[in-house]
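# quick one: sequence and predicted model below, then my questions.
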Amino acid sequence: MLATFVAVIAGYLLGSVPVAVLACRAHGFDPRETGDRNPGFWNVKERLGARAAVPVFAGDMAKGALAGLVGLLAGGAHVTALGAVAEASAVPAYAAVAAAMVGHAWPVFAGFRGGRSILTFAGGFAVLCPPAFALGLVLLVAVSRARSFAVGTRVAVFALPVLQALFAPLALVAATGALMCLIGLRFGQAAVAERRA
Ligand SMILES: O=P(O)(O)OC[C@H](O)CO
């Protein structure tokens, strides 16, 4: 219980670091006021180019990964032979990643106006189930080559819970689905906000 509490607090604070907002501040604008108004990699790339957006990509992924690691360690670092979280580590690790995603979406360090948490989820998932994440990367590269990076990321992200079913019990696959519901919620909120604007 204490492990999960610590993991949630650490995860939320990590997720609240507004990487895109900080990166764009150096260029004199707020990504929440331009483009698709999402403070994330894609919006920064559209405005500043891929090179300038790489730190946002890496930073948002790192927030999820670090949160997952904190949760994993707080729960005693229980993993399967292939490195997927297991036993007493599963709850704190998932709770930490969920908290990081909540932090990215509603960051305490940026007026509670954050992003959709896709990359924070992806980084966290890399810790929750490394073998499924690795297969997701293979899929990302393959689809990106055949179509585009934008299509590749979508296909890879939606494939993650399916790939996870090869390595983890269904309860954890369902937990991953729950994490992805937060991303769906954020897309829904953005669509409503756009309609009202
Ligand atoms: O969900 P975010 O806020 O990490 O942003 C998503 C990126 O822009 C990738 O499309």
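Ah, there it is.

# which parts of this structure sit against the ligand?
38, 40, 41, 42, 43, 60, 115, 116, 117, 118, 119, 120 (CB under 6 Å from any ligand atom). C-beta coordinates here come from the backbone N, C-alpha and C atoms, glycine included.

# hmm, 5 Å instead?
Residues of the chain lying close to the ligand (CB under 5 Å from any ligand atom) are 40, 41, 42, 60, 115, 116, 118, 119.

# show me what the longest helix seen in the chain is packed up against.
Counting residues, the longest helix found in the chain (DSSP state H) is helix 170-196. Identification of packing neighbours for helix 170-196 by 3 or more CB pairs under 8 Å, 6 or more residues apart in numbering; DSSP states H and E yields helix 90-105, helix 118-128, helix 149-164.

# could I get those as JSON lines with mean neighbour count, distance to residue 27 and mean pLDDT?
Formatted as JSON lines, those follow (neighbours: other CB atoms under 10 Å; distance: least, CB to CB, whole Å; pLDDT from 0 to 100):
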{"stretch": "helix 90-105", "mean neighbour count": "27", "distance to residue 27": "21", "mean pLDDT": "98"}
{"stretch": "helix 118-128", "mean neighbour count": "27", "distance to residue 27": "20", "mean pLDDT": "98"}
{"stretch": "helix 149-164", "mean neighbour count": "18", "distance to residue 27": "22", "mean pLDDT": "94"}
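
# out of the ones you listed, which gets nearest to residue 22?
helix 90-105 (13.0 Å; CB to CB).

# pLDDT weak spots in this structure?
Along the chain, the model assigns pLDDT under 70 to no residue.

# just the buried residues of stretch 60-79, please?
Neighbour-count burial for stretch 60-79 flags 60-75, 79 (criterion: 16 or more other CB atoms under 10 Å).

# now it: how far from the chain's centre is it?
12 Å (CA atoms, centre = their mean, to the nearest Å).

# likewise stretch 167-178?
16 Å.

# contact partners of it?
The contact list for stretch 167-178 (CB atoms under 8 Å, 6 or more residues apart in numbering) reads 80, 82, 84-85, 90, 94, 98, 125, 128-129, 131-132, 160-161, 164-165.

# cool, stretch 77-88 as well?
Outside stretch 77-88, the residues touching it (CB under 8 Å, 6+ apart) are 3, 68, 72, 75-76, 89-90, 93-94, 127-132, 164, 167-168, 172.
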